[in-house]
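Student: coordinates only, sequence not included:
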């Protein structure tokens, strides 16, 4: 049974056109993101501004953020959605503000996964100073510095040795990539922390700002990036139990283990 059969007004985009999507999202009750985690990231950022929840349908490889894992399950998912048999999960966004001379705003960007400061050429080490709550913390010599949300802690940050944070947290995770003779441990920052990242004058090559995998800007002289939690949050439609995260995570990290697991323990309420 299609959306039309159910009498649901809808619109469809087969190519991502953010300006048009933003206009239509403002009139929507829910957005279905059909694809992989990349589609969820784009939809999650755009829909957060309008407080519109996103229902993900996995057509990709991993589908860690999506809720409907197979296209054949769409009909059952729509029935559950229309019956109100769901809950809304909220996930934090980051705001990266590119600034010049410590006061002039050049651009603002939102990230659901992470903000990365790196060299413009792969493998070129950068030197960047990190300030936490306006106090100098350390200066990194590394390939990159990743500033991640809890959502992003299972993505790029995890691949570089960072810890896994449950999605309901509102902390910023700071992870250096391939650090050399500098701080090499991830740091989980307190909720509400403000991080300023400034390339030092020792850099011989350009330093770039990447937001959720997209290069947004090359940092010029006297420019820095301020990272904070963003005011809007992404909202995802969930049908599974509220503690789904850990089982979903371990099923992906340990695919060779029998998903039925050992004898199930039962716990008294």
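Tutor: Ah, there it is. Just so you know, these numbers come straight off a predicted model, no measurement behind them.
Student: Could you use CA atoms for every contact and neighbour count after this?
Tutor: Noted.
Student: domains of the chain?
Tutor: Domain segmentation of the chain under automatic domain parsing yields 18-92+233-253, 94-229.
Student: roughly how far out does the longest one sit from the chain middle?
Tutor: The one in question is domain 94-229. Distance, stretch centre to chain centre, for domain 94-229: 14 Å (C-alpha atoms, centre = their mean, to the nearest Å).
Student: Any idea how far apart the tips of that domain sit?
Tutor: With C-alpha to C-alpha, to the nearest Å as the measure, domain 94-229 spans 5 Å from end to end.
Student: Equivalent analysis for stretch 4-15, please.
Tutor: 21 Å.
Student: who's in contact with it?
Tutor: For stretch 4-15, the external contacting residues (C-alpha atoms under 8 Å, 6 or more residues apart in numbering) are 3, 21.
Student: and that stretch, what's its mean pLDDT?
Tutor: When pLDDT is averaged along stretch 4-15, the result is 80.
Student: Can you name the residues that contact residue 47?
Tutor: Contacts of residue 47 by C-alpha under 8 Å, 6+ apart are 22, 25, 31, 53, 54, 234, 235.
Student: from what I can see the fourth one touches residue 31, true?
Tutor: Pointing back at residue 53 there. Yes: counting by C-alpha atoms under 8 Å, residue 53 touches residue 31, with 6.4 Å between them.
Student: Compare neighbour counts for those two and give me the winner.
Tutor: residue 53 (25 against 21; other C-alpha atoms under 10 Å).
Student: Ramachandran coordinates for that one?
Tutor: Dihedral pair for residue 53: phi -70, psi 160, per degrees, to the nearest 10.
Student: show me what contacts it?
Tutor: Taking C-alpha under 8 Å, 6+ apart, we find residue 53 in contact with 29, 30, 31, 44, 47, 88, 234, 235, 236, 237.
Student: mind redoing it with 7 Å?
Tutor: Contact analysis of residue 53 by C-alpha atoms under 7 Å, 6 or more residues apart in numbering lists 30, 31, 47, 235, 236, 237.
Student: For burial, what's the neighbour tally of the closest residue to it other than its chain neighbours?
Tutor: Spatially, and ignoring its direct neighbours in sequence, residue 53 is nearest to residue 235 (4.6 Å; C-alpha to C-alpha, 6 or more residues apart in numbering). Under the neighbour criterion other C-alpha under 10 Å, residue 235 is assigned a count of 23.
Student: What does the closest residue to residue 64 other than its chain neighbours show for phi and psi?
Tutor: Of all residues not flanking residue 64 in the chain, residue 37 sits nearest, at 6.5 Å (C-alpha to C-alpha, 6+ apart). Per-residue torsions, residue 37: phi -70, psi -30 (degrees, to the nearest 10).
Student: Just confirm residue 37 contacts residue 63, I think it does.
Tutor: Yes: between residue 37 and residue 63 there is a contact at 5.4 Å, judged by C-alpha atoms under 7 Å.
Student: that older thread, turn the domains of the chain into a markdown table, columns for distance to residue 3.
Tutor: Formatted as a markdown table, these follow (distance: least, C-alpha to C-alpha, whole Å):
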| stretch | distance to residue 3 |
| --- | --- |
| domain 18-92+233-253 | 9 |
| domain 94-229 | 29 |
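Student: which one of these is the most hemmed in?
Tutor: Among these, domain 94-229 has the highest mean neighbour count (mean count of other C-alpha atoms under 10 Å), at a mean of 19.
Student: That one - what's its average pLDDT?
Tutor: On average, domain 94-229 scores 95.
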